[in-house]
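> Dropping the sequence and predicted coords here.
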Amino acid sequence: EGKLLLSLGQKDKPGRAANQFNEPTDVAFGPGGEIYVADGYVNSRIAQFAKDGKFVKSWGKKGKGPSQFRIPHAVSLDSDRRVLVGDRENRRVQVFDREGTFLEQWKDIGAPYGMVLHKDRVYLADGVTGTIRVLDKQGKLLNRWETKDKSKDTPHGIHVDSTGAVYVAFVTGNKVQKWVAK
């Protein structure tokens, strides 16, 4: 019906306080309705909220080490109660527990501009190389394909529907493309 149910942050008031963001990039939801926001471009953090929108905590800062980010651009939650963060400019995925404790990182997976989980598979849209990567829950590469066809189109967002079809939104090229398994 289009009725606003919850709003986080303050319009036109960027910041790092509990009720502020500064250029957030993605949002994910836990099984209990908890909310995780990738507050990416400026704040380089993950902000966690209860399902009613009450601020719980945040973690992360700018940098290259564990629990540090250079544009946390994508966030997803897996079935093992872990928070996966696509750390775009560090070209890795960092894995945390739901309290924000660093568990591990996956390197050599490209620059995750977009990331989604489907049936315990992680789908990454690498906006630098134009590659879509499919990883298992340990970060191991299972499959990959190129989206570029001699163009400069940059894959940015990614989603997998209930049938397993993969949709990729491009920040350049003004399009959305769909792939299905052969």
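Looks like it came in fine.

> Helix or strand: which one has the nearest residue to residue 155 once chain neighbours are set aside?
Excluding the flanking residues, the one nearest residue 155 by C-beta to C-beta, 6 or more residues apart in numbering is residue 125, at 4.0 Å. All C-beta spots, glycine's among them, are computed from the backbone N, C-alpha and C. Using DSSP states H and E, residue 125 maps to strand 121-126.

> So, low pLDDT: which residues of the chain?
150-151 (pLDDT under 70).

> just to revisit the earlier point, and the strand holding residue 125, what does it pack onto?
strand 112-118, strand 131-135, strand 155-160 (3 or more C-beta pairs under 8 Å, 6 or more residues apart in numbering; DSSP states H and E).

> Spit out the contact partners of the spatially closest residue to residue 126 that is not a sequence neighbour.
With C-beta to C-beta, 6+ apart as the criterion, residue 126 has its nearest non-adjacent residue at 3.3 Å, and that residue is residue 110. The contact partners of residue 110, by C-beta atoms under 8 Å, 6 or more residues apart in numbering, come to 91, 124, 126, 128-129, 131, 133.

> any idea how far residue 110 is from residue 144?
9 Å (C-beta to C-beta, to the nearest Å).

> Which neighbours do the two have in common?
Counting by C-beta under 8 Å, 6+ apart, the residues touching both residue 110 and residue 144 are 131, 133.

> Just give me the neighbour total for residue 111.
20 (other C-beta atoms under 10 Å).

> Within the helices and strands, which one has the residue nearest the centre of the chain?
Among the residues of the chain, the one closest to the centroid is residue 74, at 1.4 Å (C-alpha atoms, centre = their mean). Using DSSP H and E, residue 74 sits in strand 72-77.

> just checking, what packs against that strand?
By 3+ C-beta pairs under 8 Å, 6+ apart, strand 72-77 packs against strand 26-29, strand 35-39, strand 45-49, strand 82-87, strand 112-118.

> try 6 Å this time
The criterion is 3 or more C-beta pairs under 6 Å, 6 or more residues apart in numbering; DSSP states H and E, and the helices and strands that strand 72-77 contacts are strand 26-29, strand 35-39, strand 82-87, strand 112-118.

> List the strands paired with that strand, with their directions.
Paired strands of strand 72-77, with direction, are strand 82-87 (antiparallel) (DSSP bridges).

> tell me the contacts of the residue nearest to the centre of the chain?
Counting by C-beta atoms under 6 Å, 6 or more residues apart in numbering, residue 74 makes contact with 26, 86, 112, 114-115.
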